[in-house]
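K.L.:
This is a predicted model, with the sequence first.
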Amino acid sequence: MNRRPEHLTAREEQILRCIRRWIEERGEGPSVRQLADDIGLSGTASVAYHLGNLEERGALVRDGRGWRTCRLVR
């Protein structure tokens, strides 16, 4: 169920800003590893968790299996 989030966490906002920047600069979204490196996390599991939450909450949509093809909704 997609629902529009009333409020995103600071980490979620940070992830969305990073994805937006990657898309603007490179024409595609970052991999989970690149995203983790960019926001200063040592592992990818936390990033994948946040990406799943953002997708579930309707803030982004995947156009395939991976996250590189995601689109920002808001």
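P.N.:
Yep, that arrived.
K.L.:
Parallel or antiparallel, list what pairs with the lowest-mean-pLDDT helix or strand in the chain.
P.N.:
None of the helices or strands of the chain scores lower by mean pLDDT, DSSP states H and E than strand 70-72, at a mean of 78. If you go by DSSP bridges, strand 70-72 pairs up with strand 60-62 (antiparallel).
K.L.:
Next, the buried residues of the partner strand.
P.N.:
Buried residues in strand 60-62, counted by 16 or more other C-beta atoms under 10 Å: Leu60. To be clear about C-beta, it is placed using only N, CA and C from the backbone, and glycine gets the same treatment.
K.L.:
how distant is it from the center of its chain?
P.N.:
In terms of C-alpha atoms, centre = their mean, to the nearest Å, the centre of strand 60-62 is set 8 Å apart from its chain centre.
K.L.:
What's the mean pLDDT across it?
P.N.:
Here strand 60-62 scores 87 as its mean pLDDT.
K.L.:
Show residues contacting that strand.
P.N.:
Applying C-beta atoms under 8 Å, 6 or more residues apart in numbering, the contact partners of strand 60-62 are Leu16, Ile19, Leu51, Leu54, Glu55, Thr69, Cys70, Arg71, Leu72, Val73.
K.L.:
So among those residues, where is pLDDT lowest?
P.N.:
Among the contacts of strand 60-62, Thr69 has the weakest pLDDT, 70.
K.L.:
For it, grab the count of nearby residues.
P.N.:
12 (other C-beta atoms under 10 Å).
K.L.:
quick revisit: residues in contact with the least confident helix or strand of the chain?
P.N.:
With C-beta under 8 Å, 6+ apart as the criterion, strand 70-72 contacts Leu16, Ile19, Arg20, Ile23, Gly29, Leu51, Glu55, Ala59, Leu60, Val61, Arg62, Asp63.
K.L.:
can we see that at 6 Å?
P.N.:
If you take C-beta atoms under 6 Å, 6 or more residues apart in numbering as the criterion, strand 70-72 is touched by Arg20, Gly29, Leu60, Val61, Arg62.
K.L.:
Could you check how far that strand is from the centre of its chain?
P.N.:
When C-alpha coordinates are averaged (C-alpha atoms, centre = their mean), strand 70-72 and its chain have centres 8 Å apart.
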